[in-house]
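*Asks:* Okay, structure incoming, though there's no sequence with it:
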C-alpha cells in the first residue's frame, strides 16, 4: 500500500510538572504506551517515578511516532533537570522542533543534531532570567524509517539497545572525571571528595549539559552522537532512561530483566519498579521502544 494511503498512528506523550508547562497537563508518576502502523511495526511505552528529593519532579520525556516529509520518524527523549525543572520542560517542548528545522537534517543528521543542541543551549542561556540558573541532561533518539537510529546525548541519561539479547550502550556518560582535561583547560577543576561523586567546580556531577549558566565556561553542550542500524535479524528494543535507573541497574541487567516482556509500557514500568526496589533515590524516567 502506498505510504500516502496508509493509516498512521501518531501518539505523543508529554509530561509536565506545572500546569503552565505545555497543555496544562501536570506531571505525576505515570505510564503511557503507543504503537504504530509504520512499515516496520514499532511500539513504545514509558513510565516515571518521583525520587526522594524534596523538590518537584525534574525528569521529562518525549515518546512520539510521526510522519515528517514522507518519512517515518520515532522521536524519543529523556530530559533530567538539576536545580529546577524549567530547563528540561523547555527542552521537551522545543528541542525536537529545533532539530527537525535544521536544513541538513535529512542529508547530514549528525551535523544537524550538533547544531540544534548548540542553538538550544544558546537560547536557554539567553532565557536564564525566565528559566533559572539550572540545567538539564538529555538523551535523544531518532528512528528514521524504521531502519536507522541516531542517538545524541549530553550528561548521564543513557540509551541502550538490545541486539540478540546483548546490551550495547549508544550514549556516553559525561562524568566530570572523564572530561577533566577539557574542564581544566578552561580554568575549571574537578572535585573528588570522599563519599561524594566527582563534580565540576565542586558543584555539578555531569560535565556536559544544557543550561547551567554559572558553569557554562566549564560545562559544554557538545553532544556525543551514535548511529545504529536497526536490522530485522538482531535489533530487539532500546531503553532510554535517566540516571535514576542506571545508578542501580547495569545495562545488561536492564536488558535481561525485560527481554520477555513484549508490552513496552509494562517493560518500562518494570525497570522503574526495579530501580525503586534497589533503593534508587533519584527521579526515574524510562522509555522502551520495541521493534517487531
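*Replies:* Received it, and whenever you're ready, just let me know what you need. Since this is a predicted model, take the numbers as computed values, not measurements.
*Asks:* what about the residue lying closest to residue 188 once chain neighbours are set aside, which helix or strand?
*Replies:* In space, and not counting its chain neighbours, residue 188 is closest to residue 218: 3.4 Å by CB to CB, 6 or more residues apart in numbering. C-beta here means a position set from N, CA and C on the backbone, and glycine is covered the same way. Per DSSP states H and E, residue 218 falls between elements, in no helix or strand.
*Asks:* residues contacting residue 218?
*Replies:* 183, 186, 187, 188, 200, 201 (CB atoms under 8 Å, 6 or more residues apart in numbering).
*Asks:* likewise residue 149?
*Replies:* Counting by CB under 8 Å, 6+ apart, residue 149 has contacts 141, 142, 143, 161, 170, 227, 228, 229, 230, 238.
*Asks:* same thing but at 7 Å, please
*Replies:* Neighbouring residues of residue 149 by CB atoms under 7 Å, 6 or more residues apart in numbering: 141, 143, 228, 230, 238.
*Asks:* Show me which of the residues you listed is closest to residue 80.
*Replies:* Using CB to CB, residue 141 comes nearest to residue 80 of the contacts of residue 149, at 14.8 Å.
*Asks:* Share the number of residues neighbouring that closest one, please.
*Replies:* Per other CB atoms under 10 Å, the neighbour tally for residue 141 reads 26.
*Asks:* again with the one 5 residues further on
*Replies:* Look at residue 146: counted by other CB under 10 Å, it has 19 neighbours.
*Asks:* Check residue 284 too.
*Replies:* Other residues close to residue 284 by other CB under 10 Å number 29.
*Asks:* give me the element the closest residue to residue 223 other than its chain neighbours is part of.
*Replies:* In space, and not counting its chain neighbours, residue 223 is closest to residue 152: 4.1 Å by CB to CB, 6+ apart. Secondary structure assignment for residue 152, by DSSP H and E: strand 148-154.
*Asks:* Following element in sequence after that strand, please.
*Replies:* Defined by DSSP H and E, the subsequent element after strand 148-154 is strand 158-163.
*Asks:* Quickly name whichever of the contacts of residue 149 is closest to residue 70.
*Replies:* residue 143 (15.4 Å).
*Asks:* Please list the residues outside the helix or strand encompassing that closest one that contact it.
*Replies:* Using DSSP H and E, the element containing residue 143 is strand 135-144. Here strand 135-144 makes contact (CB under 7 Å, 6+ apart) with 42, 71, 73-83, 87-88, 91, 95, 149-159, 171, 206, 209-212, 238, 240.
*Asks:* List the strands paired with it, with their directions.
*Replies:* strand 71-82 (antiparallel), strand 148-154 (antiparallel), strand 210-211 (antiparallel) (DSSP bridges).
*Asks:* Out of these, which is the most enclosed?
*Replies:* strand 210-211 (a mean of 30; mean count of other CB atoms under 10 Å).
*Asks:* which outside residues touch it?
*Replies:* Against strand 210-211 from outside (CB under 7 Å, 6+ apart): 87, 91, 120-121, 124-125, 131, 134-136, 138, 154, 221.
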